[in-house]
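Chemist: How does the following fold in three dimensions:
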Amino acid sequence: FFEYFAALAPVYDTDVSTFSVSGWNDNGMNKVVKDNTNLLRTDVFPGLGWMLNRRIWSELSTKWPLAFWDDWMREPEQSKGRSSIIPEVNRVYTFGDKGNSVDHSFWQNYLAPIRLNDQFVKFREQDLKYIQMPNYEKHLADQIRSAPKIGIEAIATSASDTRVVTYSNEPEFQRAARALGMANAQRVY
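Modeler: So this is what the prediction gives:
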């Protein structure tokens, strides 16, 4: 946890396209994650185990809301097109289905299957330039270009670690999300 944030702090401070760094991956389910060393970027603020640098905090602190700050952080007016750096495999874990923000069914389907990292990774010894923009755009494009393209029906049988799942419309996206075990609600801000 601390190694992860210590390694990413200088990356974050030099990359103005980064909104936050989080130890949480909303889609970090056991059946879709593998690489404990891999980092990703997301346009959706993750909401758990995160850090803001001084630059972003200075920008947000004067207008910080009294409640529902996690939803507020997901609004485009806060992120301004910047993305968050997240791990492929989670470094933090939610405390469960207790409380009033998560119902038991959602917990069972989408949060209980989240994989928590179980191996120490020396992030400070890794070359993390690939996660900075514009390097990450090229890195992601190369992964997409080299991955096999599969339809929804092949999700369960594809042996590849990286796959591009093709779909044409909202119902197909919903089917693909269910097949992958991902939350399929689309939030619009």
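
Chemist: which regions of the protein sit below the pLDDT cut-off?
Modeler: 95-103, 106-110, 159-160, 183-189 (pLDDT under 70).

Chemist: Pick out the residue nearest the middle of it.
Modeler: residue 25 (3.8 Å; C-alpha atoms, centre = their mean).

Chemist: Return the residues in contact with that one.
Modeler: 33, 40, 42, 46, 86, 87, 88, 89, 90, 114 (C-beta atoms under 8 Å, 6 or more residues apart in numbering). Using the backbone N, CA and C atoms, a C-beta is placed for each residue, glycine as well.

Chemist: With residue 21 instead?
Modeler: The contact partners of residue 21, by C-beta under 8 Å, 6+ apart, come to 5, 8, 9, 11, 12, 50, 51, 84, 85, 86.

Chemist: what separates the residue of the chain most remote from its centre from residue 157, distance-wise?
Modeler: In the chain, the residue that sits farthest from the middle, by C-alpha atoms, centre = their mean, is residue 62; the gap is 26.5 Å. As defined by C-beta to C-beta, to the nearest Å, residue 62 lies at a distance of 52 Å from residue 157.

Chemist: Also residue 167?
Modeler: 17 Å.

Chemist: related to what we said a few turns ago, now tabulate the contacts of residue 21 in a markdown table and tack on neighbour count, secondary structure and distance to residue 123.
Modeler: Below are the contacts of residue 21 laid out as a markdown table (neighbours: other C-beta atoms under 10 Å; DSSP: H, G, I helix; E, B strand; the rest coil; distance: C-beta to C-beta, whole Å):
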| residue | neighbour count | secondary structure | distance to residue 123 |
| --- | --- | --- | --- |
| 5 | 17 | helix | 9 |
| 8 | 23 | helix | 7 |
| 9 | 13 | helix | 11 |
| 11 | 17 | helix | 10 |
| 12 | 22 | helix | 13 |
| 50 | 20 | strand | 16 |
| 51 | 16 | strand | 14 |
| 84 | 22 | strand | 16 |
| 85 | 26 | strand | 11 |
| 86 | 28 | strand | 13 |
